[in-house]
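Asks: Next come a sequence and a model predicted from it.
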Amino acid sequence: MKPLLLLFVAALAAGRLNSQETGPVASRPWLATSLAPEKRAELLVKAMTLDEKILEIHMVDVRDHPREVAAIERLGIPVFRITNGPVGAGPGDNRPTVPATALPSALALGASWDPSLATAYGALIGQEVKDRGEHLLEGPGVNITRVPQNGRNFEYFGEDPFLSARLGVAVIRAVQAQGVIAEVKHFAANNQEHDRKTVNETIDERTLREIYLPAFEAAVREGEVGAVMAAYPSVNGDFCSENPHLLKDILRGEWGFQGFVQSDYTGTHGAIKGGLAGLDLAMKPEHYADEMKAAVAGGKIPVAVVDTMLLRRFTEMFRFGMFDEPRSAVPIPGEADGALSRSIAEQCAVLLKNDSNLLPLDKLHLHSVAIIGPYAGTAHTGGGGSSAVQPLYTVSPVDGFVRGAGAASVVSYTDGTNLKVAVEAAKAADVALVMVGNKDSEGRDRTGLGLPSSQDELIAAVAAANPRTVVVLKTGGAVLMPWLDRVQAVLEVWYPGEEDGNVVADLIYGRAVPSGKLPLTFHRSVTETPVATPAQYPGIDDQAIYSEKLLVGYRWYDEKGVAPLFPFGFGLSYTTFSLANLTVAPPSAEGRVQVEVDLTNTGKRAGADVVQVYVSFPAAAGEPPRQLKGFAKATRKAGESGRVTVTMDRRAFSVWDVAKGSWVVIPGRYEIFVGDSSRDLPLTATIEMATER
């Protein structure tokens, strides 16, 4: 038996879970809680043998102890349990699946445009991870929606780096406030699943800095995230897990990251290059066990490098009290957490169409509702892959509607597999609700951008049979809608989580009012997207060229003058809003700009709207036409008006100067646009920005 395996077996036999072995702190001074986390980590590492150090830089990855780093009783090192994320307390590979609250998808949270809601989302996940006796959540994911085909778009916050940063920071702070380490992922540019482990992405430095890195930077600088997961792909020739430019120059050198870097599951490629680049924890032992020990023995890696790996992780574990408070599983408050999941999902829904104000349905004048479609029978709790949560319970759409309709309405259901039956059900009902969607997943991209399995044909047939047809979309991203002109209303609820049925019924019947805004652009066709050539995606011979540069998402549509199906930031409500009286203060000495505007609810019921602030740069800056740089979500009662304030800092007016290697403000005139979508910006003002001194 290999020496390191013997050590692991001994650690198991000694009692893996006992992190509070009796004995004087004098013999193990790192257990003294009066010391700073960094000092405690330093003392601990000095006391370790080389074999113990090697044991602690990788997951053990055996069936009975998956996603765990071994405990060492001699030193009082507790087992370190890692769980998947980012849309709930997810599974650990091979670990008996422990149920948790299945929240709406992260993309749904992106549609909320609400950092306070992101705080509630993160707090729930963090507490449930802790309730299960686990230590680290692999999330949030802050990768940018570059292509609509990406199978993991539902795990991220959308196509804009500023929106992703604001929500990501809120989630991280909330998770870590529960005593759980958040791990922002996937660093960096993990924007496709096709060939994700082999593709090399060629991205120019300015694009990398302005589009794909800002949310990670905010996670480090503002969120003080404890861990970063390195992505599978290569960026500009080096795998992300052994990329010196990403891990050493930027993450630690420029941003001052103090936590630890973990690989993706099979994302470690070699002990020497990974170790020297700054990969601290490998998810599998192949390269970071015997291979790492041999590299140290052969003088190819200094033992000080291994020490640093441990110092980084142990410091975070001490910071979050993981040596001092042994964790054991306690029951999750499923009912209370489910109620919060329901509330979050309802605030993430986006109303895309509502002709003649068909929604919300009026139960007093409604006698029958036909619920039709493959996503009407069971709850759509989430996408596939490592983020999938085993829900504590589920609410099916049929059950939600039967409870929500009341005695006055008859609810019928058919799954839509028999088109003739679906058409007859639609004809017999006052309103037809067609629930359609997809099941995006880690490990694969979509093969098309329409709804799968003849769902487009189902919608068209139902709409032809009943002019009062409502489409409820449950998708992991944007989809084509060839039937859009033939239906009366469209509601996008994303992946709504375990409370699916109640969420949709509440929205359809008006117990909840849609207030979401699109966090990504909905396109009209496969060819009318920023990334439409094979060289861009999926790449040729494992080489993907980011030739669109800064023109990602709505930036491309604005630059090219292309009208999307639905623009970034768009979303209707059951009420209406107006914006007026814009004022923009001149830049302060620190470069801050304050925007104020009156938001008025001009409708007949309470609701929430998102004030969106976009900036247009001087031509010399070479930027896209407009970019989101501020937003605020506000609730108003019917007829109520109030002032909304959005403050932007100097970074909002900065571009990445490749020659200087820094953010700079181009002097000149900047135009400020204010509205409630990227294509509805009725209020404008201009300011002058001076050169930085």
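Replies: Yep, it's here.
Asks: what sits up against the host helix or strand of Leu473?
Replies: Per DSSP states H and E, Leu473 falls inside strand 469-474. Applying CB atoms under 8 Å, 6 or more residues apart in numbering, the set of residues contacting strand 469-474 from outside is 352, 358-359, 373, 375, 380, 426, 431-438, 459, 462-463, 479, 483, 486-496, 500, 504, 508. C-betas here are computed from N, CA, C, even on glycine.
Asks: if you set the cut-off to 7 Å instead, what comes out?
Replies: With CB atoms under 7 Å, 6 or more residues apart in numbering as the contact definition, strand 469-474 has outside contacts at 358-359, 375, 380, 431-437, 459, 462-463, 479, 487-496, 504.
Asks: Next step: those residues restricted to strands.
Replies: Among the contacts of strand 469-474, DSSP state E puts Val431, Ala432, Leu433, Val434, Met435, Val436, Gly437, Ala489, Val490, Leu491, Glu492 in strands.
Asks: Could you list everything the fourth one pairs with in the sheet?
Replies: This points to Val434. Val434 forms beta bridges with Ile372, Val471, as assigned by DSSP bridges.
Asks: which ones are touching it?
Replies: Val434 touches Ile372, Gly373, Leu458, Ile459, Val462, Thr469, Val471, Val472, counting by CB under 7 Å, 6+ apart.
Asks: just the buried members of the residues you listed?
Replies: Ile372, Gly373, Leu458, Ile459, Val462, Thr469, Val471, Val472 (16 or more other CB atoms under 10 Å).
Asks: Spell out which residues make up each domain of the protein.
Replies: Segmentation of the chain into domains, based on automatic domain parsing, reads 1-77+289-319, 342-545, 575-689.
Asks: Distance across the longest one, terminal residue to terminal residue?
Replies: Taking CA to CA, to the nearest Å, domain 342-545 runs 41 Å from one end to the other.
Asks: Could you give the average pLDDT over it?
Replies: Averaging pLDDT along domain 342-545 yields 95.
Asks: What of the shortest one?
Replies: What domain 1-77+289-319 shows for mean pLDDT is 84.
Asks: And for stretch 143-157?
Replies: Mean pLDDT, stretch 143-157: 97.
Asks: I figured Asn466 hits Ala428, correct?
Replies: No - under the criterion of CB atoms under 7 Å, Asn466 is not in contact with Ala428, lying 8.9 Å apart.
Asks: Do you have the helices of the stretch 101-250 of the chain handy? List them.
Replies: 106-112, 115-131, 161-177, 205-207, 214-221, 244 (DSSP state H, counting those that start in this stretch).
Asks: Quick check: the residue nearest the centre of the chain vs Thr394, distance?
Replies: For the chain, the residue nearest the mean C-alpha position is Tyr156 (3.0 Å; CA atoms, centre = their mean). For Tyr156, the distance to Thr394 (CB to CB, to the nearest Å) stands at 24 Å.
Asks: likewise Gly630?
Replies: From Gly630 to Thr394 the distance is 38 Å (CB to CB).
Asks: between the two, who's got more neighbours?
Replies: Gly630 (22 against 17; other CB atoms under 10 Å).
Asks: isn't the more buried one right next to Val611, touching?
Replies: No - using CB under 7 Å, Gly630 is not in contact with Val611; the gap is 8.4 Å.
Asks: Between these two, which contacts overlap?
Replies: With contacts taken as CB under 7 Å, 6+ apart, Gly630 and Val611 have Val646 as neighbours in common.
Asks: Any idea how many residues pack against Val69?
Replies: Residues near Val69, counting by other CB under 10 Å: 26.
Asks: List the contacts of the closest residue to it other than its chain neighbours.
Replies: Distances taken as CB to CB, 6 or more residues apart in numbering put Phe80 closest to Val69, at 4.0 Å, once the chain neighbours are dropped. Contact analysis of Phe80 by CB under 7 Å, 6+ apart lists Glu68, Val69, His135, Met317.
Asks: can you put those in TSV and add distance to Ala165?
Replies: As requested, those are arranged in TSV below (distance: CB to CB, whole Å):
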residue	distance to Ala165
Glu68	31
Val69	30
His135	25
Met317	26
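Asks: between those, which is nearest Cys240?
Replies: Val69 (21.0 Å; CB to CB).
Asks: How about the contacts made by the closest one?
Replies: Contacts of Val69 by CB under 7 Å, 6+ apart are Glu56, Met59, Val60, Phe80.
Asks: is it true that Phe323 touches Pro78?
Replies: Yes - with contact defined as CB under 7 Å, Phe323 and Pro78 form a contacting pair (6.3 Å).
Asks: tally of neighbours for the residue nearest to Leu251 when sequence neighbours are not counted?
Replies: Of all residues not flanking Leu251 in the chain, Phe257 sits nearest, at 4.8 Å (CB to CB, 6+ apart). Neighbour count of Phe257, defined by other CB under 10 Å: 25.
Asks: wait, what's in contact with Phe257?
Replies: Val220, Val228, Leu251.
Asks: Now the buried members of these.
Replies: Here, 16+ other CB under 10 Å leaves Val220, Val228, Leu251 buried among the contacts of Phe257.
Asks: Strands of the stretch 251-400 of the chain, start to end?
Replies: According to DSSP state E, counting those that start in this stretch, the stretch 251-400 of the chain carries its strands in the segments 260-262, 350-354, 368-372.
Asks: Would you mind saying which of those lies nearest Gly270?
Replies: Gly270 sits nearest to strand 260-262 of all the strands of the stretch 251-400 of the chain, at 15.1 Å, using CB to CB.
Asks: what's the average pLDDT for the closest one?
Replies: 98.
Asks: tell me which strands and helices it is in contact with?
Replies: Helices and strands touching strand 260-262, by 3 or more CB pairs under 7 Å, 6 or more residues apart in numbering; DSSP states H and E, are strand 227-230, helix 303-319.
Asks: tell me which residues in the longest one are buried?
Replies: By neighbour count with 16+ other CB under 10 Å, helix 303-319 contains the buried residues 305-307, 309-319.
Asks: In a strand, Trp663, correct?
Replies: Yes - Trp663: assigned to a strand according to DSSP: H, G, I helix; E, B strand; the rest coil.
Asks: got a pLDDT number for the residue nearest to it when sequence neighbours are not counted?
Replies: Nearest residue to Trp663, sequence neighbours excluded (CB to CB, 6+ apart): Ser654, at 4.1 Å. We have a pLDDT of 97 for Ser654.
Asks: Distance of Ser654 relative to Val175?
Replies: Distance, Ser654 to Val175, using CB to CB: 29 Å.
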